[in-house]
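K.L.:
When you get a sec, could you give me coordinates for this:
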Amino acid sequence: MKITQKTILADIIEDQKAEAILEKYGVPCLTCPYAQEEMNSLTLGQICETYGLDGDALIDELNQVLNKESDE
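P.N.:
Just a heads-up that it's a prediction; the model follows:
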């Protein structure tokens, strides 16, 4: 699966490797009680813009790690 700015958080959050990367970049939505209700609509782009995170680096790393698994 190609991860983009439009990828919905709920689509990747179940993957432990993705969760670890999101934590590494400081995505606060993982523990936010309000975000738990919105995970099906929050995009990575929206999250990165709202919290001033490096979305390009985050998405690049997610793609490297998650797509490496599917290549093997």
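
K.L.:
Can you list the neighbours in contact with stretch 52-65?
P.N.:
2-5, 7, 12, 17-18, 21-22, 24-27, 44-45, 47-49 (Cβ atoms under 8 Å, 6 or more residues apart in numbering). C-beta: built from backbone N, CA, C; applies to glycine.

K.L.:
Only the buried subset of those, as a ChimeraX command please.
P.N.:
Of those, the buried ones go into a single ChimeraX selection, burial set by 16 or more other Cβ atoms under 10 Å:
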select :3,7,12,18,21,22,25,27,44,47,48
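
K.L.:
and the contacts of stretch 52-65, which of them are in helices?
P.N.:
12, 17-18, 21-22, 24, 44-45, 47-49 (DSSP state H).

K.L.:
May I ask which two of those are separated the most?
P.N.:
Across the ones in helices among the contacts of stretch 52-65, the longest distance by Cβ to Cβ is 23.6 Å; it joins 17 and 49.

K.L.:
Can you list the low-confidence ranges for this structure?
P.N.:
For the chain, the stretches with pLDDT under 70 are 69-72.

K.L.:
hey, which helix is longest across it?
P.N.:
The chain, longest helix under DSSP H: helix 55-71.

K.L.:
okay, the angle between it and helix 16-24?
P.N.:
If you take axes from the mean of the first three to the mean of the last three Cα atoms, to 10 degrees, helix 55-71 sits at 170 degrees to helix 16-24.

K.L.:
re earlier: just name the closest of the ones in helices among the contacts of stretch 52-65 to residue 32, please.
P.N.:
Nearest to residue 32 among the ones in helices among the contacts of stretch 52-65, with distances taken as Cβ to Cβ, is residue 47, at 10.2 Å.
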